[in-house]
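S.K.: Sequence plus the predicted model coming up.
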Amino acid sequence: MKIFADPAELSAWTLSRRAAGARIALVPTMGCLHDGHLSLIAEARRRNAGEIVVSVFVNPVQFGPNEDYAQYPREAEADIEKCRAAGATAVFMPSPGAMYHPDRSTWVVEENLSAGFCGARRPGHFRGVCTVVAKLFNLAHPDFAVFGMKDFQQAAVVKRMARDLDFGIDIVVAPIVREPSGLAMSSRNKYLSPAERESALALSRSLRETSAAFAAAGGEMPWEPRKRAISAALSQAGLRPDYVEAADAETLEPVETLRKGCVVLLAAFAGKTRLIDNMVL
Ligand code: PAF
């Protein structure tokens, strides 16, 4: 497995592999890899990628000034071993200085799908995500890139960006991987105390209950009462809801009635830790 820190070296290598006919997959991550990330690498293998590049980069420009950039867990050595074991063929671990010129002044901005939900609560977040993902696309020259569905809005925004800017890269979105408790895997789960971890289960529980109620209602259900019930359940469990929303899974337009093809999107704080989860009906 190759390990690159220099963007130009990664680019030269992926270009040469492409020229030799290899199908290249990119799995963008911020490291601290868990089974959710490893499932993205497995998805790349399943799709017969000749080379699988995993980027491990805690991207400073997608964090707000009061967010957890400094504390974000970093486990470079363990990540390298996990990538090797999962069948990645290259890891890209640049420094922030290698990725961003001090006088950089260019951003990639998606203006529609990124406006609500996490975008509304984390100003500049998706601008940071789009910018780094565009840079990773330009450096890794992938045929396809694999993202996790836990970040539902991110996947939609990246798909739109790739389409609008003619990257010619397929965006593959892999299902959420959950712990046996139902908790969606996230590097930020590391921050949770045992009590917060218990509280956090209310997110996936609310989604399961919503899915059951939706099925019992015959596949159509007004959103507002359910939204109130979820907010109350999250608060009751000791979480501070950030948003409880339902939208069309394609357009991310908010809906008043839950129907097949809607997504329920949740964000809540467990202590200082912001967690997200979602479910497509
Ligand atoms: O989902 C993430 O870990 C990040 O937002 C990503 C896509 C790697 C960009 O920094």
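M.R.: Ah, there it is.
S.K.: buried stuff in the longest helix seen in the chain?
M.R.: Criterion DSSP state H: the longest helix present in the chain is helix 194-216. For helix 194-216, burial by neighbour count (16 or more other C-beta atoms under 10 Å) applies to 196-197, 199-207, 210, 214. For glycine as for every other residue, the C-beta is placed from the backbone atoms N, C-alpha and C.
S.K.: go on, stretch 41-54?
M.R.: Across stretch 41-54, burial judged by 16+ other C-beta under 10 Å covers 41-44, 49, 51-54.
S.K.: CA atoms of stretch 131-143 as PDB?
M.R.: Taking Å, rounded to 0.1, in the frame of the first residue of the first chain, the C-alpha atoms of stretch 131-143 are listed here in PDB:
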ATOM      1  CA  THR A 131     -13.800  22.700  -1.800                       C
ATOM      2  CA  VAL A 132     -11.800  19.900  -0.300                       C
ATOM      3  CA  VAL A 133     -13.800  17.200  -2.200                       C
ATOM      4  CA  ALA A 134     -13.200  19.100  -5.500                       C
ATOM      5  CA  LYS A 135      -9.500  19.300  -4.600                       C
ATOM      6  CA  LEU A 136      -9.400  15.500  -3.800                       C
ATOM      7  CA  PHE A 137     -11.200  14.800  -7.100                       C
ATOM      8  CA  ASN A 138      -8.500  16.800  -8.900                       C
ATOM      9  CA  LEU A 139      -5.700  15.000  -7.100                       C
ATOM     10  CA  ALA A 140      -6.900  11.400  -7.100                       C
ATOM     11  CA  HIS A 141      -8.500  11.400 -10.600                       C
ATOM     12  CA  PRO A 142     -11.000   8.800  -9.500                       C
ATOM     13  CA  ASP A 143     -13.500   7.000 -11.700                       C
END
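S.K.: Could you tell me the end-to-end distance of stretch 257-271?
M.R.: With C-alpha to C-alpha, to the nearest Å applied, stretch 257-271 spans 31 Å between its terminal residues.
S.K.: average pLDDT for it?
M.R.: The predicted model assigns stretch 257-271 a mean pLDDT of 98.
S.K.: and if you look at stretch 191-200?
M.R.: Across stretch 191-200, pLDDT averages out at 98.
S.K.: For Leu275, give the beta-bridge partners.
M.R.: For Leu275, the beta-bridge partners under DSSP bridges are Ala268.
S.K.: Verify the contact between it and Leu203 for me.
M.R.: Yes. Shown here, Leu275 and Leu203 form a contact pair, counting by C-beta atoms under 8 Å, at 6.2 Å.
S.K.: Would you mind measuring from Arg74 to the ligand?
M.R.: Using C-beta to the nearest ligand atom, to the nearest Å, one gets 13 Å for the distance from Arg74 to the ligand.
S.K.: sorry, back to before: quickly list what's touching both of Leu275 and Leu203.
M.R.: Residues touching both Leu275 and Leu203 (C-beta atoms under 8 Å, 6 or more residues apart in numbering) are 184, 239, 268.
S.K.: I'd assumed Ala267 was in contact with the second one.
M.R.: No. Judged on C-beta under 8 Å, Leu239 makes no contact with Ala267 at a distance of 9.8 Å.
S.K.: so how many other residues sit close to the residue in the stretch 151-281 of the chain that the ligand sits nearest to?
M.R.: Residue of the stretch 151-281 of the chain nearest the ligand, by C-beta to the nearest ligand atom: Asp151 (5.0 Å). Residues within reach of Asp151, counting by other C-beta atoms under 10 Å, total 18.
S.K.: For the ligand, tell me which of the shared contacts of Leu275 and Leu203 show up nearby.
M.R.: Filtering the shared contacts of Leu275 and Leu203 for proximity to the ligand by C-beta under 6 Å from any ligand atom leaves nothing.
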